[in-house]
Structure formats: structure tokens, C-alpha cells
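Q: Give me a 3D structure for the following:
(one chain, ligands or ions: 2)
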Amino acid sequence: MLPFARVTIIGLGLIGSSIARAVRAHMPTVRLTGYDADADVRATVDRLQLCDDVTESAGAAVIDADLVILCVPVGAMAAAAAELAGDLPADAIISDVGSSKAEVLRVLTEALPGATIIPAHPVAGTERSGPEAGFATLFHKRWCIITPGHGADPAAVQRVSEFWRRLGADVETMAPEHHDRVLAVTSHLPHLIAYTIVGTASDLEEVTQSEVIKYSAGGFRDFTRIAASDPTMWRDVFLTNREAVLDMLQRFSEDLTALQRAIRLGKGDDLFDHFTRTRAIRRGIIEQGQDDPAPDFGRSHE
Ligand SMILES: NC(=O)c1ccc[n+]([C@@H]2O[C@H](COP(=O)([O-])OP(=O)(O)OC[C@H]3O[C@@H](n4cnc5c(N)ncnc54)[C@H](O)[C@@H]3O)[C@@H](O)[C@H]2O)c1
Ligand SMILES: O=C(O)C(=O)C[C@]1(C(=O)O)C=C[C@@H](O)C=C1
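A: Ligands and ions are numbered 1, 2, ... in the order given. Now for the predicted structure:
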């Protein structure tokens, strides 16, 4: 049996539109309703026929939903929830896809007292935004981490987990605070590093902008892809996962200083040992079948 019959998506950008496409592909009988604050996005979703209905307000979108998924930037979760609070059916489950979880659970609980809130984070995405960037296979064989709060209804957790499994994801459950520490190091810090290095390269006086573009064929090019990620989304991620990111950044700076010292002192063995250890980690990821779907994954859908 399907976990939900009437699904509403609030926010129809990359992730929201990918969920809509994946629901169409895997659960075609589900009635899909969508709402986005941006009228151009609503028009595009209408044109692409990604939902059965696109409404003019958040309230109208949720009125008969049994699952509502907030797919807006994490800084907009509170406002999006407040907008639909008066129309949310008592038995609906509300979920989200935000990249940071403890703060999102806090603001949703505040905005929707008494609602069944089961947050989730599909660990899948690209550097692109908007409804045209989405695709149905985005979640295939990618993790989706469910982060219920204390005392969350186990049956509701099961239904949300089953929903994501049907979209092709592998599901894991984690406490929101633990999620935020894990993702701080595996996702948030790498983005911060990419944003930094691309900025540094373009600020170098002795290197021209055209040289940065011309010679960015290798490792740097991968950084530019990540550094092209959505500014609103990432501003909000760093502001809502501040403590964990700052903690991981401190650890990272110490390790970077150690490598800097090894280079300065000519300690080749230290460098070699470090690089050998990190190479094994990459190989472990590939052996587990969790390899990247190629750096230009999103681009092939342009
Ligand atoms: N992009 C990724 O790689 C990725 C991966 C996993 C999770 N996420 C999370 O998914 C969420 C959405 O990210 P995205 O990449 O789809 O962003 P996006 O910019 O492509 O889409 C966000 C959409 O939300 C709409 N919106 C903003 N405020 C709104 C409001 N109050 N009410 C209704 N609509 C509103 C915007 O108009 C936009 O269309 C974020 O919370 C992000 O952290 C992103
Ligand atoms: O591949 C990318 O472009 C991504 O940045 C995807 C990525 C990640 O860091 O893994 C980014 C943020 C999300 O919350 C989940 C996935």
C-alpha cells in the first residue's frame, strides 16, 4: 500500500521538482499539489505539468494533504510553515528536506504546535536551482536521513521512510543534532572550502580571471562546480548549523596547519602517509557503491 495518497510540495525548485518527478515515476496514482512563493516558478511547474494542481497560496495547497513536504531554503522554513498553519489537516504529516536539521525541527515545532513533524534530508543534489534543474532519478541509491524529534510517532516515521524508499533512496534515521555534526564535515565544510578557494583564486593579483577559467580543467574545476551552488541555500545552511560548522572548521584548520608545517619542513613521509590514508578512504567509498554520480551529473539534464 502507498504510504500517502495526497502529497503537497511547498517550494518547487531543484529538490521540490525532483520529488514531484520521482513521485510521478514511482507512485503515479498519488495526487500531487504544489505551491511556490515565486509566480514564475509556479508558471514553469504548470507548463512542465509536474503537479496535478499548482495553487496560488500555501493554505490552498495543503487543505486535503496527507503529506506536506517543505522544500524551501532552511531560512524560509518558519515563514513557509506559518503561512500554511491554519489550513493543515490535523492528521497530515509535515516533513521537509532542509540541509540542516536541529534548527529546522525547532522552528517547525514552534510554527506548527501539535502537528506531526517528521523531518528528512535527501543527501542528493547538484549546484543548480529551480524547477527546470530537477530530475526524477536524483534520489536513486542516495541516502535520505530521517531526523525525528524525541517522542515522534514511530508509525509516521515509517510512512515517511517508505515514501523515500519508493523514490529510490536508502533510508537512515538519526538524531537531528548528530545529523548536523556529520553533515557539517561531509557537506557543509566542503562547500565552505570550495567557496573559499574559488574566491581566493579569482582575487590573486598575479593570476588573471581568464587564466583561472582557462586552466581550471582538473581539481579546481570540481571546486568551481560546488562553489556555483545556490547562495541563498548555503547562507542559510551556515547560519542554521553555525556551531557544528565552526567546530569542524577549527579541526580542519588545525589539520591544515599540520600539513602546512610538513611542507615547510620538507617532511615528505608525513605528506605521503597522509595522502595514502585519504586515498584509501576514497577507495572505500567506491567499494561501498556510494561513488559520486560523476561531477557533471546535473549538467547532463540541462
Ligand atoms: N540543492 C541541493 O543540493 C540540496 C540537496 C538536499 C537538500 N537541499 C535543501 O532543499 C531545500 C530546497 O533547496 P533547492 O536546491 O531545491 O532550492 P531552489 O532554490 O532550487 O528552490 C527553492 C524554492 O523555494 C521557493 N520558496 C522560497 N521561500 C518560499 C516560501 N516561503 N514559500 C514557498 N516557496 C518558497 C523558491 O521560490 C524556490 O523556488 C533547501 O532547504 C536545501 O537546504 C538542497
Ligand atoms: O553534489 C552536490 O552538488 C551537492 O552539493 C549535494 C549535497 C552534498 O553536499 O552532498 C549538498 C547539499 C545537500 O544538503 C545534500 C547534498
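Q: Quick check: Ser229 touching Ser99?
A: No - assessed by C-beta atoms under 8 Å, Ser229 is found out of contact with Ser99, at 10.4 Å. C-betas here are computed from N, CA, C, even on glycine.
Q: So the two - more neighbours on which side?
A: More crowded of Ser229 and Ser99, by other C-beta atoms under 10 Å: Ser99, with 25 against 17.
Q: I figured the more buried one hits Ser187, correct?
A: Yes - applying C-beta under 8 Å as the test, Ser99 and Ser187 come out as touching, 7.0 Å apart.
Q: Convert the C-alpha atoms of whatever helix or strand Phe275 lives in to CSV, please.
A: According to DSSP states H and E, Phe275 maps onto helix 268-287. In CSV, the C-alpha atoms belonging to helix 268-287 read as follows (Å, rounded to 0.1, in the frame of the first residue of the first chain):
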residue,chain,number,x,y,z
GLY,A,268,57.8,14.0,2.7
ASP,A,269,57.0,10.9,4.7
ASP,A,270,54.3,12.8,6.6
LEU,A,271,52.7,14.0,3.4
PHE,A,272,52.9,10.6,1.8
ASP,A,273,51.3,8.9,4.8
HIS,A,274,48.5,11.4,4.9
PHE,A,275,47.7,11.2,1.2
THR,A,276,47.9,7.3,1.3
ARG,A,277,45.3,7.3,4.2
THR,A,278,42.9,9.7,2.3
ARG,A,279,43.3,7.7,-0.9
ALA,A,280,42.1,4.5,1.0
ILE,A,281,39.0,6.5,2.2
ARG,A,282,38.1,7.3,-1.4
ARG,A,283,38.5,3.7,-2.5
GLY,A,284,36.3,2.6,0.5
ILE,A,285,33.6,4.9,-0.7
ILE,A,286,33.7,3.5,-4.2
GLU,A,287,33.7,-0.1,-2.9
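Q: Run through the neighbouring helices and strands of it.
A: In terms of contacts (3 or more C-beta pairs under 8 Å, 6 or more residues apart in numbering; DSSP states H and E), helix 268-287 is packed against helix 242-264.
Q: wait, does the helix holding Phe275 contact ligand 2?
A: No - for helix 268-287, no contact with ligand 2 is found by C-beta under 6 Å from any ligand atom; the gap never falls below 12.2 Å.
Q: could you check the angle helix 242-264 makes with that helix?
A: Orientation check (axes from the mean of the first three to the mean of the last three C-alpha atoms, to 10 degrees): helix 268-287 against helix 242-264 gives 130 degrees.
Q: Got the phi and psi for Thr173?
A: phi -110, psi 140 (degrees, to the nearest 10).
Q: Give me the distance between it and Ala136.
A: Computed as C-beta to C-beta, to the nearest Å, the Thr173 to Ala136 distance reads 25 Å.
Q: more crowded one of these two?
A: Between Thr173 and Ala136, counting by other C-beta under 10 Å, Ala136 is the more crowded of the two (19 against 16).
Q: Neighbours of the nearest residue to that one once chain neighbours are set aside, how many?
A: Nearest residue to Ala136, sequence neighbours excluded (C-beta to C-beta, 6 or more residues apart in numbering): Arg21, at 3.9 Å. Residues lying near Arg21 (other C-beta under 10 Å) number 20.
Q: Leu88 now?
A: 22.
Q: Next one: Glu302, what pLDDT does it get?
A: The model reports Glu302 with a pLDDT of 30.
Q: right, I mislabeled it, should have said Gly298
A: Gly298 is given a pLDDT of 37.
Q: Just the element for the residue nearest to Ala136, please.
A: Assessed by DSSP H and E, Arg21 sits inside helix 14-26.
Q: That helix near ligand 2 anywhere?
A: No - shown here: helix 14-26 not in contact with ligand 2 (C-beta under 6 Å from any ligand atom), separated by at least 8.5 Å.
Q: So for that helix, what gets flagged as buried?
A: Leu14, Ile15, Gly16, Ser17, Ser18, Ile19, Ala20, Arg21, Ala22, Val23, Arg24, His26 (16 or more other C-beta atoms under 10 Å).
Q: and what of stretch 249-267?
A: Leu249, Ala262.
Q: now do stretch 48-62
A: Residues Leu50, Cys51, Val54, Thr55, Ala58, Ala61, Val62 are the ones in stretch 48-62 that count as buried (16+ other C-beta under 10 Å).
Q: which one among those gets closest to ligand 1?
A: Ala58 (6.1 Å; C-beta to the nearest ligand atom).
Q: these two touch, right, the closest one and Tyr35?
A: Yes - at 5.1 Å, Ala58 counts as touching Tyr35 under the criterion of C-beta under 8 Å.
Q: which residues do these two both contact?
A: Ile10 (C-beta atoms under 8 Å, 6 or more residues apart in numbering).
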